[in-house]
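*Asks:* Sequence and predicted model, in that order:
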Amino acid sequence: MKIRKTRQDERGVYKYSYQVRTENGGYRTETVVIKPGEDGVTEMDIKRLHALDDSEVYYNCKNLRPERSAEEKERIKAFEKEYVQKFKLQHGYEPNKDAIKDAVSEAFPSNYNLSLDFAFENEIDEDKSSVIAATAVPFDDKFEWSEEMEDIRELLSDKQREVLDLKFIYGYTQKEIADMLGVTKMAITKRLASAYDVIRKNMKR
């Protein structure tokens, strides 16, 4: 069962290992290395494969996690209430659900292995308060992908178009997109925010 993510510096290729039966009845491990630029494989294909692995790791670790106790749930409930109040005083608006969830996960880590992997394999230099603030910006992303949107899409940068396509066409979450592109979730949030800003300014009322 896979419970560790692939290191960021090893994500340029995708390695698939499998067991082969030997003549003496034992098994040996063989590894296939899939590289972009070979046999029609693109860099995006490699990123998607790693994203699928990341999703598997997430759910494996989630299934290994023990259920929170009633006492812990009460502590989390109190923490959420206090967090929302403090955030609103500091920023003038309430944080969104993702921001609250991230704050709870940080304050009440539910799986040691997953938290440890994140700390060593996804180093974040940004100040935590700025990360939470960025992920708390309220977005209205329920717009229709119409012909008008296709025209506006041409006004976006390559990076903005990329994250919009991954989110609205392929249905990935911001966390999954961040893992695929090898950046932080805050970076994806900022790209989406700037893209939404362009869309709002150019969308006909």
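*Replies:* On my side now, so go ahead. Because the structure is a prediction, the values reported are computed rather than measured.
*Asks:* buried ones in stretch 161-180?
*Replies:* Residues 162-164, 166-167, 172, 174-180 are the ones in stretch 161-180 that count as buried (16 or more other Cβ atoms under 10 Å). The way it works is simple: take the backbone N, C-alpha and C, and place the C-beta from them, glycine included.
*Asks:* Phi, psi for Thr42 please.
*Replies:* phi -110, psi 170 (degrees, to the nearest 10).
*Asks:* Skipping its backbone neighbours, what lies nearest it in space?
*Replies:* With sequence-adjacent residues excluded and distances taken as Cβ to Cβ, 6 or more residues apart in numbering, Thr42 is closest to Pro36, at 5.8 Å.
*Asks:* Assign the one you found to helix, strand or coil.
*Replies:* Assigned state for Pro36: coil (three-state reduction, DSSP: H, G, I helix; E, B strand; the rest coil).
*Asks:* Same check on the one 5 residues further on?
*Replies:* Assigned with three-state DSSP, Val41 falls in the coil class.
*Asks:* In this model Ile34 seems to touch it, though I could be wrong.
*Replies:* Yes. Using Cβ atoms under 8 Å, Val41 is in contact with Ile34, at 5.8 Å.
*Asks:* Quick check: the one residue sitting closest to the centre of the chain vs Thr189, distance?
*Replies:* Nearest to the geometric centre of the chain sits Lys175, at 1.1 Å (Cα atoms, centre = their mean). Per Cβ to Cβ, to the nearest Å, Lys175 is found 10 Å from Thr189.
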